[in-house]
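> one predicted model, sequence on top.
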Amino acid sequence: LVPHAELARLAAAHAAAPDAAAKNALVECACRAYVGGAADVPNEWEAAKTRLLPQLWPLEKVKAKQATLPPGVVLPHCGLHGEADASVYDVAVVLVCDFAPETNVKGAPSLETCVLSRDVAAWGSDCGDWTNALRVSLSNLRDRTKRREALETFSARWEHHASGCGSTTWRDRYDAARCALLPSVVARRKREDGRPEPGAHVCVFAARGCALAATSKNALGLCYLGDVVHTKIGPTGDGLSRRAYRLVKVKMPGTRGAAASHPLVQKAGEAMTWKWLAYAPSPSSGEFSVPTNASQIDELLKCLEEGRACPVFGPTEDERKDAARMAAFEGVKAQGNAAFASGKWLDAIQAYDRAIQIVADAAADQRPMFVEQPRPLAAAHANAALCFLRLEAEMDDEKKKKNLAAEALRRALAAAEADAHYAKAHDRCAKAFEL
């Protein structure tokens, strides 16, 4: 039943197990994996809940698994903070039933069975739903972490390279999940030598059993991180993610509602939560890039050795913000156009005002939008002016009609100020003057 090479590997793992409990757990795991063929997710919630753990899968793996499932069965998953759409990340959170021995025995088979929608349905009201199962799995992960850290052989959560880059030390296939889903693990990382680390926390969920972290202003640490991820782990095929993420604090989505109560919304202080964002450096703030290939690594090291300014690879944080603002502007402007087409003048005005505020915020951050091509901003002002003209035409109260005409004029003048060559701006100024 078991190939000779696998049998030899298991025998070596059994001999290396530290105690009888670990040996018995290895035998149980091997029987499930090689004799039973696979470990099925238990149909009873009581039997399943103690084995549940959260795991990170690449999005491609999630899609590939879903493609193999029969109609009506799905692989439940979410983003790192509980988002229904996980596409903003390159990994997703799934649930697994883990049947492998918890003790880290070299050569032990990894036996994790993903939880499907039919498993959650079988658990019924005892479980509730997949989100509640995820909540239980996070509690299991915390308990597993405590047990692992209580072992005499465990000394610290992180071990640091001379560059300051840290790598996790649990090495039990859940290192990446811990760092991603319990972000305080990364936020509390400190170098053994006590040297301060300026900058934001940057982390790569490199493999299931390995996460690497440095800070955004530590050029050498980021260089080492990129080297390990892209030239050491990447080529092995065992990698989970090559994307670097920045850990930030954001305002809590609210004290009530599903978003605030989701188990992956982790508190980071009073009314604040942790948030992972794709990392892009801000050179103006003294941040550095994470290199993604050998030539970039060599170039960075040479600059550091010679004391020259380090190059920035790929998009910067400022460029990322610019792109996000532009997308937000286009989105709310489109909402305004849709509301206008439906005759919902007030809704349209609110949407155009949100678009205009995005531009104002960018200017306040010294990242002005539409400097060379001001027409989109002028159009937002002019469209708002037209909405006020339509409201004026429908109003019977003379005093309110005058106020609406005055506001239409103010908006049309703002459009002309933004783009003096915009004919619609001048046309709406003229129509407002006539009222």
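Cool, got the structure. Numbers count the residues shown, from 1 in each chain.
> biggest helix in the chain, by residue count?
Longest helix in the chain, counting residues (DSSP state H): helix 317-341.
> tell me what that helix is packed against?
Packing partners of helix 317-341 (3 or more C-beta pairs under 8 Å, 6 or more residues apart in numbering; DSSP states H and E): helix 345-364, helix 375-394. Heads up, the C-betas are built off the backbone N, CA and C, glycines and all.
> quick check: mean pLDDT of the first one?
The average of the pLDDT scores along helix 345-364 is 94.
> in that helix, which residues are buried?
For helix 345-364, the neighbour count (16 or more other C-beta atoms under 10 Å) marks 345, 347-356, 358-359, 362 as buried.
> one more: the last one?
Of the residues in helix 375-394, 375-392 count as buried by neighbour count, 16+ other C-beta under 10 Å.
> quick one: residues in contact with the helix or strand just after it.
Moving toward the C-terminus from helix 375-394, the next helix or strand (DSSP states H and E) is helix 398-418. With contact meaning C-beta atoms under 8 Å, 6 or more residues apart in numbering, helix 398-418 is reached by 370, 374, 377-382, 384-386, 388-389, 391-392, 395, 422, 424-426, 428-429, 431-433, 435.
> try stretch 220-238
Contacts to stretch 220-238, defined as C-beta under 8 Å, 6+ apart, come from residues 161, 163-165, 167, 197, 202, 204, 206-207, 210, 212-216, 239, 242, 244, 288-294, 296-297, 300-301, 304.
> now the terminal residues of that stretch, how far apart.
End-to-end distance of stretch 220-238: 25 Å, with C-alpha to C-alpha, to the nearest Å as the criterion.
> ditto for stretch 63-83
End-to-end span of stretch 63-83 (C-alpha to C-alpha): 16 Å.
> and it, what's buried?
Residues of stretch 63-83 classed as buried: 65, 75-83 (neighbour count, 16+ other C-beta under 10 Å).
> next one: stretch 138-149
Under the neighbour-count criterion of 16+ other C-beta under 10 Å, stretch 138-149 has 138, 140-141, 144-145, 148 buried.
> those: which two are farthest apart?
138 and 148 (15.5 Å; C-beta to C-beta).
> all strands of the protein, in order?
52-58, 91-98, 112-114, 158-160, 166-168, 201-207, 210-215, 244-251, 267-269, 272-278 (DSSP state E).
> format these as a markdown table; extra columns: mean pLDDT.
What follows is these, written out as a markdown table (pLDDT from 0 to 100):
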| stretch | mean pLDDT |
| --- | --- |
| strand 52-58 | 97 |
| strand 91-98 | 96 |
| strand 112-114 | 88 |
| strand 158-160 | 95 |
| strand 166-168 | 97 |
| strand 201-207 | 97 |
| strand 210-215 | 96 |
| strand 244-251 | 94 |
| strand 267-269 | 90 |
| strand 272-278 | 94 |
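> which intervals of the stretch 201-350 of the chain have sub-threshold pLDDT?
253-260 (pLDDT under 70).
> excluding its backbone neighbours, what's nearest residue 303?
Once flanking residues are discounted, residue 303 sits nearest to residue 310: 4.8 Å by C-beta to C-beta, 6 or more residues apart in numbering.
> please disregard the earlier target; I meant residue 49.
Per C-beta to C-beta, 6+ apart, closest to residue 49 is residue 136, 5.3 Å.
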